[in-house]
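# sharing a model prediction with you, sequence too.
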Amino acid sequence: MIELRTLGGLDLRSADGAELRSILVQPRRVALLAYLALELPRGFHRRDKLLPLFWAELDAEHARGALRNALHYLRRSLGEGVLLRRGDDEVGLDAKALWCDAAAFEAALAQGRAAEALELYRGHLLQGFFVSDAPGFERWLEGARTRLRERAAQAAWTLADAEEASGNGLGAAQWARSAVAFLPFDESAIRRLIELLDRRGDRAGAIRAYEEWSRQLAEAFDLEPSPETRAVAEGIRARARPAPPAPALLGLGLAGSEPAPRAERGPAPRPRRLLDTLRRVAAGSDPPPTTILLVEEDPETVHLLDAKLAAPGRTLLHASTAAQAQEVLSAQNVSLILLDLVLPDTDGRNLLMRLRERPGTAATPILVLSVKAGGQTQTECFALGADGFFEKPFDPEALAAAVSARLLRPALYDPQLDPVTGLPNRAGLVQAFRRLRTTSEGSGLFSLALLELQATGGQPYSALSDDVVRHAAETLAHHVGSRELVGRWAGAEFVVLFPGLNPARAVLKLKEALHGLQAEAVPGPDTRPLELTFSAGVALAAGSTNLQDAVTDADYLLYLAKTTGHGQIFSAESRITPPRRKIILAEYDELTAKAVGYRLAREGFEVDRYGDGAAALAAALEGTAALVILDVQMPGLDGFQVLERLRRIADPRLPVVMLTALGSEEHILRGFELGADDYIVKPFSPVELVARVHRLLKNR
């Protein structure tokens with residue numbers, strides 16, 4: 001029987017256990033398969049209902065053709081008898097030929113087997129999964145995720161009630177924490193948890209759970225608990241006695257003085273080292289003064305660092321995926337993070353960006369581990385906020401020394417401020433953006449600028465010392481009129497927020513700052529005067545749902561500004577004739593190529609798509625392309641063979657981006673060894689790919 005796992009990740013295996021990677025690397029086909037397996041009621045689904053979910057951007061004829069192609073590909077890859085057809089209008093799956101964990105989860109709940117169902121619930125549905133240009137599917141997926149989360153929480157509460165009724169208060173508390181973890185911001189659930197802890201006499205644990213939940217609520221939404229919840233907590237606090245030795249860590253499934261068997265008492269956390277640490281704490285040992293989180297899938301690297309970084313008073317936690325890392329960080333603070341870039345559920349750079357935007361980890365030291373990477377990847381990691389970069393195979397002694405040095409540095413800085421400029425960092429900008437977006441909803445006026453500091457004369461960013469960057473930041477803040485509205489985004493890039501101003505007026509403000517910056521020279525690295533300038537893109541931010549979306553819009557305008565020279569400021573209202581730059585896209589899969597090509601064309605690029613490596617190589621050698629995107633797996637010459645020939649006989653400055661599967665560390669290493677400038681892992685968002693394309697071309 002074929003197995004489709006969708007809870008906490010994505011995996012598809014044939015009856016003999018082989019990974020069906022040809023399907024997994026095609027997000028839209030994976031999405032179609034998941035929909036057929038999980039949509040209620042189970043059974044057959046009309047084709048005309050599938051079309052707007054997956055191909056809303058196509059006309060009816062082309063959408064039907066795309067659906068036929070997708071079903072044909074799935075039928076060929078899965079084997080006969082898995083996909084079923086009823087007449088010409090309906091398709092479905094044979095549940096006896098394909099097993100899906102999410103469907104099995106709901107079936108177990110329907111039969112009253114709550115504990116067995118929760119064994120299957122290893123994470124949220126299709127966690128981290130994305131299909132471009134499919135808003136209908138995204139809405140369906142969000143609804144399905146919510147349904148499964150709510151059912152998982154209800155199952156956990158059922159088990160908690162049963163354990164409490166049988167007199168097992170510890171087991172009840174563990175299942176209650178699991179229920180809260182499934183719906184972390186359900187206020188009625190946290191009240192229910194702390195009341196349960198209060199009933200079993202663990203009032204200190206109840207207060208800790210309440211305070212941790214309150215911190216998460218403030219961090220995520222800048223909100224406070226309701227008066228009703230505060231009143232419950234204050235009543236417990238008034239009756240609290242000295243804390244028992246076992247901490248109550250919200251959502252991690254362990255409290256009390258003894259661990260419970262998983263099948264009988266509650267679900268154990270996935271991070272292996274975390275469970276060991278909590279057991280030691282539960283036994284009565286003192287809490288460790290420093291905690292390191294290692295985000296790394298490779299067991300050999302984990303074993304090596306577990307031994308090398310061991311020290312008195314130091315605890316090493318381990319997470320194999322980005323999802324597990326975020327789970328750990330939502331439950332406790334850490335002193336330092338070691339982050340591998342190649343993770344099974346996302347590109348490590350995406351996690352790095354999220355960590356720097358999160359107030360709780362904005363100032364936490366992060367050391368990046370990677371296979372031998374190109375300069376672009378290292379530069380991007382430092383721009384995103386990495387404190388160090390170590391290529392594999394790394395020197396264990398050097399890494400251990402770097403970790404010790406970082407841990408010895410005192411936490412002197414506000415986690416929402418950049419330590420060099422004193423301005424808001426990404427985390428601070430996220431909070432400022434949320435506040436301004438709320439206050440500007442009535443007027444609709446709110447603009448955002450992304451600018452890049454430059455030294456005239458072509459000096460590289462490395463020529464800009466901390467003193468130079470600090471001087472530029474002060475000049476910007478002075479002309480904008482508020483230090484709270486200017487923040488350091490990455491390296492030489494700054495974000496400026498303009499509440500109450502449309503882009504045209506924001507451009508005028510920035511021109512004042514530009515003239516002020518250009519009016520005075522500052523000492524350069526060799527004491528000679530360094531003349532500063534900047535280019536900027538200004539976008540209307542009032543309609544953006546989050547800071548990243550607004551910055552992406554401004555980044556495109558910054559890219560256009562830089563194509564015309566230094567000291568240019570562009571907005572969407574500027575009279576711009578974007579340069580028509582050619583991109584060669586070597587991608588075998590028709591649907592992926594169409595999605596990527598459509599998005600790149602919408603950004604103003606001329607896209608030449610080739611389905612085989614030989615044709616792509618011939619086109620690249622003509623010398624007219626600005627950038628090449630190569631899929632690793634292609635008929636004829638594969639992506640590596642094309643890359644090797646390009647680097648041998650074409651312009652060595654031609655940027656090349658490799659497309660590879662999630663977790664393919666050997667592919668990434670080989671690509672960099674052959675001269676790739678960057679990589680992106682499948683399944684990916686075309687928006688992410690476009691951002692990387694802009695970044696590579698912007699830095700040329």
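It's in.
# count the residues that sit near the residue lying closest to residue 226 once chain neighbours are set aside.
Leaving out its chain neighbours, the residue that sits closest to residue 226 by Cβ to Cβ, 6 or more residues apart in numbering is residue 187, at 6.1 Å. Where you see a C-beta, it was placed from the backbone N, CA and C, and this is true even at glycine. Residue 187: 15 surrounding residues under other Cβ atoms under 10 Å.
# and if you look at residue 162?
For residue 162, using other Cβ under 10 Å, the count is 15.
# which of the three states applies to it?
Secondary structure for residue 162, judged by DSSP: H, G, I helix; E, B strand; the rest coil, is helix.
# that older thread, now for the residue nearest to residue 226: which residues touch it?
Contacts of residue 187 were listed using Cβ atoms under 8 Å, 6 or more residues apart in numbering, and they are 225, 226, 229.
# which residue packs closest to the first one, ignoring adjacent ones?
Spatial nearest neighbour of residue 225, chain neighbours left out: residue 214 (5.5 Å); criterion: Cβ to Cβ, 6+ apart.
# would you mind measuring from that neighbour to residue 331?
Residue 214 sits 14 Å away from residue 331, going by Cβ to Cβ, to the nearest Å.
# higher neighbour count, these two?
residue 331 (20 against 17).
# what's that one sitting at in phi/psi?
phi -100, psi -20 (degrees, to the nearest 10).
# distance of it from residue 210?
When residue 331 is compared with residue 210 (using Cβ to Cβ), they lie 14 Å apart.
# where does pLDDT dip in the stretch 501-650 of the chain?
524-528, 545, 575-579 (pLDDT under 70).
# 80 instead, please
Along the stretch 501-650 of the chain, segments meeting pLDDT under 80 span 520-530, 542-546, 565-566, 573-580, 591-592, 595, 602-603, 636.
# ditto for the stretch 51-200 of the chain
Short version for the stretch 51-200 of the chain, where the test is pLDDT under 80: 128, 130, 132-133.
# how about the strands in it?
Secondary structure of the stretch 51-200 of the chain (DSSP state E, counting those that start in this stretch): strands located at 83-86, 90-93, 98-100.
# again, but for the stretch 401-550 of the chain
So, for the stretch 401-550 of the chain - with DSSP E, counting those that start in this stretch - the strands run 446-455, 486-490, 493-499, 522-523, 529-530, 532-540.
# now distance to residue 297 and mean neighbour count too, for these, in CSV please.
Output for the strands of the stretch 401-550 of the chain, formatted as CSV (distance: least, Cβ to Cβ, whole Å; neighbours: other Cβ atoms under 10 Å):
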stretch, distance to residue 297, mean neighbour count
strand 446-455, 33, 25
strand 486-490, 26, 26
strand 493-499, 31, 24
strand 522-523, 45, 16
strand 529-530, 44, 14
strand 532-540, 37, 25
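# ok so, going back, including distance to residue 109 and mean neighbour count, could the strands of the stretch 51-200 of the chain go into JSON lines?
Output for the strands of the stretch 51-200 of the chain, formatted as JSON lines (distance: least, Cβ to Cβ, whole Å; neighbours: other Cβ under 10 Å):
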{"stretch": "strand 83-86", "distance to residue 109": "25", "mean neighbour count": "15"}
{"stretch": "strand 90-93", "distance to residue 109": "20", "mean neighbour count": "19"}
{"stretch": "strand 98-100", "distance to residue 109": "14", "mean neighbour count": "20"}
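# export the ones you listed to TSV and tack on distance to residue 35?
Shown next, in TSV, are the strands of the stretch 51-200 of the chain (distance: least, Cβ to Cβ, whole Å):
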stretch	distance to residue 35
strand 83-86	13
strand 90-93	10
strand 98-100	11
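# before we move on, back to that, out of the contacts of residue 187, list just those in helices.
Residues of the contacts of residue 187 located in helices (DSSP state H): residue 229.
# quick check, nearest of the contacts of residue 187 to residue 154?
Relative to residue 154, the closest of the contacts of residue 187 is residue 229; by Cβ to Cβ it sits at 20.2 Å.
# how much space between the closest one and residue 406?
Counting by Cβ to Cβ - residue 229 and residue 406 are separated by 38 Å.
# still on that earlier bit, residue 316: which of the strands of the stretch 401-550 of the chain is closest?
Using Cβ to Cβ, the strands of the stretch 401-550 of the chain put strand 486-490 closest to residue 316, at 28.8 Å.
# ok, and what's touching that closest one?
383-385, 418, 420-421, 423-426, 428-429, 432, 450, 469, 473, 476-477, 480, 494-497, 551.
# and the residues you listed, which are buried?
383-385, 418, 421, 423-426, 428-429, 432, 450, 469, 473, 476-477, 480, 494-497, 551 (16 or more other Cβ atoms under 10 Å).
# those helices in the stretch 301-450 of the chain, which residues are they?
Residue ranges of the helices in the stretch 301-450 of the chain, as given by DSSP state H, counting those that start in this stretch, are 322-331, 348-357, 375-384, 396-408, 426-439.
# got it, and the stretch 501-650 of the chain?
Secondary structure of the stretch 501-650 of the chain (DSSP H, counting those that start in this stretch): helices at 503-518, 547-563, 590-602, 613-620, 639-649.
# nearest to residue 698, out of these?
Here helix 547-563 is closest among those (Cβ to Cβ), at 4.9 Å.
# quick one: buried residues of that closest one?
Those buried within helix 547-563 under the rule 16+ other Cβ under 10 Å are 547-548, 550-563.
# between the strands of the stretch 51-200 of the chain, which one is closest to residue 622.
The nearest among the strands of the stretch 51-200 of the chain, by Cβ to Cβ, is strand 83-86 at 42.4 Å.
# in its sheet, which strands sit next to the closest one, and in what direction?
Strands that pair with strand 83-86, judged by DSSP bridges, come out as strand 90-93 (antiparallel).
# for the partner strand, output the C-alpha coordinates as PDB.
Output of strand 90-93 as PDB, limited to C-alpha atoms (Å, rounded to 0.1, in the frame of the first residue of the first chain):
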ATOM      1  CA  GLU A  90     -15.500  12.700 -11.100                       C
ATOM      2  CA  VAL A  91     -12.200  11.400  -9.700                       C
ATOM      3  CA  GLY A  92     -11.200   9.900  -6.400                       C
ATOM      4  CA  LEU A  93      -8.700   7.700  -4.500                       C
END
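# which residues touch that strand?
Residues outside strand 90-93 that contact it (Cβ under 8 Å, 6+ apart): 33, 36-37, 43-47, 50, 71, 82-86.
# tell me the contacts of the closest residue in space to residue 698 that isn't next to it in sequence?
Setting aside the residues directly before and after it, residue 698 is nearest to residue 559 in space (Cβ to Cβ, 6+ apart), at 4.9 Å. The contact partners of residue 559, by Cβ under 8 Å, 6+ apart, come to 537, 694, 697, 698.
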